[in-house]
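>>> Sequence unavailable; structure follows:
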């Protein structure tokens with residue numbers, strides 16, 4: 001199947017929605033807010049419906065090798081970050097989002113939406129910064145293939 005054919009199928013399957021963009025977007029608006037946990041799904045749905053290409057819910061610092069503490073107390077609020085292509089004035093986008101959230105989600109009239117502009121990042125390569133070589137015992141070294149040189 002050719003790439004153009006797949007793009008056409010995506011557009012037909014989801015008419016009126018932008019489901020795939022082939023160009024690289026250089027700048028983004030990150031819109032963030034703190035919301036009640038119960039509103040998370042609806043707020044994420046509204047953000048995507050308004051053109052967000054991705055939503056992050058409550059960034060928690062987790063360590064892959066440490067089991068989370070079952071006694072940890074979670075707050076009744078989550079931080080939502082939605083990412084929009086930087087097109088037009090961000091104040092207009094924030095105003096439209098605030099109106100839509102106020103109309104569709106109970107109690108969202110008073111939630112403050114914050115925005116900032118961010119540049120494009122290479123997510124396919126960026127994750128590698130969190131993994132580096134480490135030694136196990138006296139004779140075993142685990143080293144990612146992208147790291148240069150020998151382990152000390």
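Ah, there it is. Bear in mind the structure is a predicted one, so any value in this text is a computation, not a measurement. Numbers count the residues shown, from 1 in each chain.

>>> contacts, neighbours, all on C-alpha from now
Fine.

>>> so which strand or helix has residue 108?
Secondary structure assignment for residue 108, by DSSP states H and E: no helix or strand.

>>> burial of it, as a residue count?
If you count neighbours by other CA atoms under 10 Å, residue 108 ends up with 18.

>>> got it, and residue 79?
Count around residue 79 with other CA under 10 Å applied: 15.

>>> what separates the helix or strand encompassing it from the chain centre, distance-wise?
Taking DSSP H and E as the criterion, residue 79 maps to strand 77-85. Centroid displacement of strand 77-85 relative to its chain, using CA atoms, centre = their mean, to the nearest Å, is 7 Å.

>>> what pairs with that strand, and is each one parallel or antiparallel?
With DSSP bridges as the test, strand 77-85 is paired with strand 27-36 (antiparallel), strand 54-57 (antiparallel).

>>> next helix or strand past it?
Using DSSP H and E, the next helix or strand after strand 77-85 towards the C-terminus is helix 90-104.
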